[in-house]
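K.L.:
generate coordinates for the sequence data below:
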Amino acid sequence: MNVWIVNAIIIEALALISVVGVWKTGRTNIAFGVGFNTMLPVTLVYMLQAPVVNLRHLLILAMVLVYLAHMNWLLFFQSKRTAIQKLDAHLPLSQKIVLPAVLVNGVGWIYCLPFYYAARRPMPLNLVDGLAVAVYVVGTIIHFGSDYQKVRFKQRPENTGQLLQQGFWRWCRHPNYFGDFLIYVAFAMLGNTVWAWSAPLLNFLQYRFDAIPKNEAWARERYGEQWERYAARVKMFVPFLY
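P.N.:
Next up is the predicted model:
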């Protein structure tokens with residue numbers, strides 16, 4: 001069966017499951033959980049239907065598994081310390097029901113697109129792949145490290161009502177988002193085609209025009225002048241630059 005038909009069936013089935021789950025529970029972590037985990041079956045289909053299986057396929061699979069391990073830890077074990085709790089409280093049910101369909105389709109069709117092209121590169125691993133791995137490692141360290149620092153910070157009672165400004169969070173106001181963006185840049189490098197760059201582009205646009213404005217509005221409301229001083233001193237997304 002055609003690879004696009006197989007993945008269409010997988011993606012839309014998962015979207016339906018996610019919509020029903022959010023509708024029944026009202027919890028948006030289900031939408032994010034199913035959305036991001038859509039990456040694994042879609043990637044496997046691209047790999048299994050590639051002309052030849054090579055080391056690049058194993059590299060892609062390892063990257064996806066490490067990425068999803070982090071995301072699942074965050075979404076299902078630490079969701080109370082993320083923006084998901086705020087989404088559950090602020091989003092109306094109508095928007096919560098739309099969210100999983102958007103997430104699953106966005107991940108399945110756009111975020112996974114680099115893997116389609118990477119799986120069809122027959123040549124051995126080369127310098128571009130090596131650079132992609134380097135970017136991925138840096139992105140993963142920043143992504144996981146900043147989330148871990150945030151979780152540890154919020155676990156300490158003495159930090160109640162305080163704003164995290166240490167570690168990765170002194171570099172920029174959203175280092176976890178920046179690390180995630182670097183991971184998708186690495187995926188695009190593995191795809192090695194202009195179409196693969198649609199994944200980090202969508203990732204950046206989603207953060208810049210959706211997640212970051214929401215989070216900053218909530219932070220401004222909660223922390224007041226403490227946030228204003230922090231925002232005036234620390235860049236938003238790219239450390240020390242933007």
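K.L.:
return the distance of the helix or strand encompassing residue 115 from the chain's centre.
P.N.:
Counting by DSSP states H and E, the element that carries residue 115 is helix 113-119. Distance of helix 113-119 from the chain centroid (CA atoms, centre = their mean, to the nearest Å) equals 17 Å.
K.L.:
could you do stretch 85-94 as well?
P.N.:
Relative to the chain's own centre, stretch 85-94 is displaced by 19 Å; criterion: CA atoms, centre = their mean.
K.L.:
re earlier: which strands or helices does the helix holding residue 115 pack on?
P.N.:
In terms of contacts (3 or more CB pairs under 8 Å, 6 or more residues apart in numbering; DSSP states H and E), helix 113-119 is packed against helix 39-48, helix 55-77, helix 175-191, helix 198-206. Placement of C-beta: from N, CA and C, glycine included.
K.L.:
by mean pLDDT, which helix or strand of the protein comes out lowest?
P.N.:
helix 84-90 (a mean of 79; mean pLDDT, DSSP states H and E).
K.L.:
alpha carbons of the helix or strand following it, as PDB, please.
P.N.:
For helix 84-90, the following helix or strand on the C-terminal side (DSSP H and E) is helix 93-105. Extracted C-alpha coordinates of helix 93-105, given in PDB (Å, rounded to 0.1, in the frame of the first residue of the first chain):
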ATOM      1  CA  LEU A  93     -14.000  22.600  25.700                       C
ATOM      2  CA  SER A  94     -14.600  23.500  22.000                       C
ATOM      3  CA  GLN A  95     -11.000  24.500  21.600                       C
ATOM      4  CA  LYS A  96      -9.700  21.600  23.600                       C
ATOM      5  CA  ILE A  97     -11.500  19.200  21.100                       C
ATOM      6  CA  VAL A  98      -9.900  20.900  18.100                       C
ATOM      7  CA  LEU A  99      -6.500  20.900  19.600                       C
ATOM      8  CA  PRO A 100      -5.700  17.100  19.300                       C
ATOM      9  CA  ALA A 101      -6.700  17.000  15.600                       C
ATOM     10  CA  VAL A 102      -4.400  19.900  14.900                       C
ATOM     11  CA  LEU A 103      -1.500  18.500  16.900                       C
ATOM     12  CA  VAL A 104      -1.800  14.900  15.500                       C
ATOM     13  CA  ASN A 105      -2.000  16.200  11.900                       C
END
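K.L.:
for helix 93-105, packing partners?
P.N.:
Using 3+ CB pairs under 8 Å, 6+ apart, the elements in contact with helix 93-105 are helix 3-25, helix 28-37.
K.L.:
in JSON lines, list those along with distance to residue 127, mean neighbour count and mean pLDDT.
P.N.:
Output for the helices and strands packed on helix 93-105, formatted as JSON lines (distance: least, CB to CB, whole Å; neighbours: other CB atoms under 10 Å; pLDDT from 0 to 100):
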{"stretch": "helix 3-25", "distance to residue 127": "28", "mean neighbour count": "16", "mean pLDDT": "96"}
{"stretch": "helix 28-37", "distance to residue 127": "30", "mean neighbour count": "23", "mean pLDDT": "94"}
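K.L.:
can you redo these as a markdown table with distance to residue 180?
P.N.:
What follows is those, written out as a markdown table (distance: least, CB to CB, whole Å):
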| stretch | distance to residue 180 |
| --- | --- |
| helix 3-25 | 20 |
| helix 28-37 | 10 |
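K.L.:
figure out which of these is closest to residue 206.
P.N.:
In this view, the helices and strands packed on helix 93-105 are compared for proximity to residue 206 by CB to CB, and helix 28-37 is the closest at 11.5 Å.
K.L.:
contacts for the closest one?
P.N.:
14-15, 17-18, 21-22, 68, 71-72, 75-76, 79, 84, 87-88, 91, 96, 99-100, 103-104, 106-107 (CB atoms under 8 Å, 6 or more residues apart in numbering).
K.L.:
just the buried ones from the residues you listed, in ChimeraX syntax?
P.N.:
In ChimeraX, a selection of the buried entries from the contacts of helix 28-37 looks like this (16 or more other CB atoms under 10 Å):
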select :14,15,18,21,22,68,71,75,79,84,87,88,91,96,99,100,103,104,106,107
